[in-house]
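Enquirer: Test case, fold it:
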Amino acid sequence: MGKSKSRKFKRTQFSPNNKHGNNAGEEAIEKVEEEGEAFSSAGDLLEKLQSPSPDIREFACASISRLVQQTQVIPSFLQRDVVRCLGPMLLDKSFAVRETAAGALRNLSACGGFEVCDDMVKQDIMTPLVALLKECSAGFHSNSVLSPKSKDEQKNYTEDVANEAINLLWNVCESSSRAVSVFSKEGLLDVVMSCLERHSENVELAVSAAYCLQTVTEDNPELLCRLTPSSLQVLESVMMSSQSTMEHLLLRTLAAGCVWNLKSALPSSSQAETLSAVMRILSNSLEVDAGQAILELKEQESRRREEGKEREVQPCSDRPGEETGSREGDGMEEGDEETGKPNTSPDNDISDLLPPKNEEVKQATALLSAQQTSLEIIVNMCCSDDPSDDEWEELSSSDESDMCAESSLCECSGVQVLSPLCLSAEIHTALISFLLPEKVLKKTEFPSSAALDTCMKCPAWKSLVKKMHQVQCRALFCLHNMLSVMEGEALGGVVALQALAEHLSQLVFSQPEIPKEDEFLEAVTSAVRSLLQIMASRNIPQCMSPQQLIGLCEAAAQCSHTSVRVNAIAILGITGSTLAKQHHTADKLQMIGSFLLQVATKDPSLVGTGEALDALFDVFADGVEAERAARHIKLLPALRTLQPVFKAKMRKEGREKYSPDQLCVLDNVKVNLRRFISYLETLEKKPSP
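Expert: Numbers count the residues shown, from 1 in each chain. Just a heads-up that it's a prediction; the model follows:
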């Protein structure tokens, strides 16, 4: 069996904006829902963009902004060329129209997904967007445009427009390499840095800029060439900021992620100090007890509301669509309440993506985002830069196939079967110095039940439940990567590894039923797999029984994600290989062998079938107990029946569905299947053990 490969995370999914939905926009939604004429509404609103009245243009942009948060409405706007209609609005004479137009495009890019973003770039949204961003950047250094409200309610349109535009830029750069190239060539790095420089006055704008910068600095050598010392100084000033809010904690974490992406451009003389600063920020982020913080923020909200009852005044909002009154909510849930119709489709629920309006929810969201980002940065630190990370990660432990006779398995896959630990000494030392393994392990625990109950009882806080579970899953992936690249002694030795096995066993088996959420299953099976590999290689006993592991694998086998099923198969392969070396284990090997045979026969993916066969080769390769179990489950006739089916499926699906690397591994499995059948036939001629 090959070693499990470390996981790498891309930037988190971008979020739409829910600010540009005034009452007129809500009426437009009602029109769509009640009359069922989205296409007609789209045409009417796009026509209003040509109105000579800035108020009508703003109304149209705000209405579109809210409508496109409903994914079923997006096609009708795309058919009407919404991108080309809204693009010129980014440079409208009215700053209010610019802001609402940027918000509408931001929502379209977020709710439409990667394909819509890529199409927006193809329709040249970058030309007006670049012009708008450069104009905003220049406006930072002059008198900003303010709304004609009283001094207490003045609105900085330049910064607000820039925030919407930066979020739109982040979304399209996340999806389009062409957009990233435009970013580099047009000098937008300076624009983003100018937004970051305003972190003391406008942390929301700075956070948006940091998210965007973290996206465009990942694997972007073209941008590294354009990096200046002043840019690094801006990032340094952000990392050294001392504000204590959760938003500033998130900002510092994002800046640390940007610096990590830019590490190759740092002067060698300052790299050690910079690495220490990055690790300190990640450590500070992870040491916060999110469950306790959420409870405290909820109490703070309750006190604020009690105090506000005595002097409650309906505020006047100059921001288009910003709600007034006491209604809570953070997006689609609230929108559903406004339309009076519940959102019954979970596939269209984007409530967890929408930015919260409640200040305490906003701080809690920032904390969880900071912790998730910290864990993703550590995941990537403990990950190889192998370009085949997204390919099938598993390699057969057996001989090479005829197809790969001239090249080693590591050449086929991009990794070695038993690759050496690849974590640099500097990173290894820094992780240990800042106690990050312990802090990561703490985050793998289930979220606080008190915090979960509190959030579930209040609609405005409900989106935090998903975020808390996401932090746990990121921590499990982080643990998986750490186990893959760090020595067991660095993690605490035999006793610590056994305690970790107990901890993971509690996570999986302490519930009445094994959790079936895809992300949790992928994360926990990855961590269990890595741990069992280490313990098996060092002959360390572990506490999880074959029956328990088969229960986990049965749950994983129902998952649609191939990676989860592959993890489960590998777990049983490791367990079976260990049992085959022990006495009186034939019954347990029969259970494992029967399950692996079932997977090899029924898994819908050749990858799953190949991994199950490879595990069977390992488990039943040698030993008296393995021979006895193989005879009992009739392994030989089962493999003889499976062999022609596997070959036929490879011929039919191979080149259409799988990469050359995957085909190389599958061809290796096919050859080893033939050899393994010959081996079993030889055993069949021997007397029964």
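
Enquirer: Double-check that Thr609 belongs to a helix.
Expert: Yes. Secondary structure of Thr609, determined by DSSP: H, G, I helix; E, B strand; the rest coil: located in a helix.

Enquirer: separation between it and Gln558?
Expert: 16 Å (Cβ to Cβ, to the nearest Å). C-betas here are computed from N, CA, C, even on glycine.

Enquirer: what do you get for Leu213?
Expert: Distance, Leu213 to Gln558, using Cβ to Cβ: 40 Å.

Enquirer: same thing with Leu666?
Expert: 23 Å.

Enquirer: Could you pull up the contacting residues of the residue lying closest to Asn261 once chain neighbours are set aside?
Expert: In space, not counting the residues next to it along the chain, Asn261 is nearest to Thr217; the distance is 3.9 Å by Cβ to Cβ, 6 or more residues apart in numbering. Thr217 makes contacts with Leu223, Cys258, Asn261, Leu262, as judged by Cβ atoms under 8 Å, 6 or more residues apart in numbering.

Enquirer: Looking at pLDDT only, which of these scores worst?
Expert: Scanning the contacts of Thr217 for pLDDT, the low point is Leu223. It has 88.

Enquirer: can you pull the contacts of it?
Expert: When contacts are counted by Cβ under 8 Å, 6+ apart, Leu223 touches Val180, Phe183, Ser184, Leu189, Val216, Thr217.

Enquirer: That one: which element?
Expert: Here Leu223 is covered by helix 221-224, with elements defined by DSSP states H and E.

Enquirer: Equivalent analysis for Cys543, please.
Expert: For Cys543, there is no host helix or strand (DSSP H and E).

Enquirer: again, but for Ser76
Expert: Element membership for Ser76, per DSSP H and E: helix 74-79.

Enquirer: which helices and strands sit right next to that helix?
Expert: Contacts defined by 3 or more Cβ pairs under 8 Å, 6 or more residues apart in numbering; DSSP states H and E place helix 74-79 against helix 38-48, helix 95-122.

Enquirer: Go through the next helix or strand after the last one and flag the buried ones.
Expert: Later in the chain than helix 95-122, the nearest helix or strand by DSSP H and E is helix 126-140. Buried positions in helix 126-140, judged by neighbour count with 16 or more other Cβ atoms under 10 Å: Met126, Pro128, Leu129, Val130, Leu132, Leu133, Lys134, Glu135, Cys136, Ser137, Gly139, Phe140.

Enquirer: can you check stretch 217-229 too?
Expert: Buried positions in stretch 217-229, judged by neighbour count with 16+ other Cβ under 10 Å: Thr217, Glu218, Asn220, Leu223, Arg226.

Enquirer: which of the residues you listed lies closest to Thr562?
Expert: Distance ranking of the buried residues of stretch 217-229 against Thr562, using Cβ to Cβ, places Glu218 first at 24.8 Å.

Enquirer: circling back: ok, now how distant is the residue nearest to Asn261 from Ala210?
Expert: Applying Cβ to Cβ, one obtains 10 Å for the distance of Thr217 from Ala210.

Enquirer: sorry, back to before: by neighbours, which of the contacts of Thr217 wins?
Expert: The residue in those with the most neighbours, by other Cβ atoms under 10 Å, is Cys258 (29 neighbours).

Enquirer: got a list of what it touches?
Expert: Residues touching Cys258, when contacts are defined by Cβ under 8 Å, 6+ apart, comprise Ala210, Leu213, Gln214, Thr217, Leu235.

Enquirer: which other helices and strands contact the strand or helix carrying Val465?
Expert: Counting by DSSP H and E, the element that carries Val465 is helix 463-485. Contact here means 3+ Cβ pairs under 8 Å, 6+ apart; on that basis helix 463-485 packs against helix 290-310, helix 359-381, helix 436-443, helix 449-456, helix 518-537.

Enquirer: quick one: low-confidence ranges for this structure?
Expert: Regions of the chain meeting the criterion pLDDT under 70 cover residues 1-40, 142-155, 309-357, 384-422, 688-689.

Enquirer: Assign a three-state SS to the residue nearest to His584 when sequence neighbours are not counted, would you?
Expert: Distance criterion Cβ to Cβ, 6+ apart; nearest residue to His584, sequence neighbours excluded, is Glu625 at 7.4 Å. Applying three-state DSSP to Glu625 yields a three-state assignment of helix.
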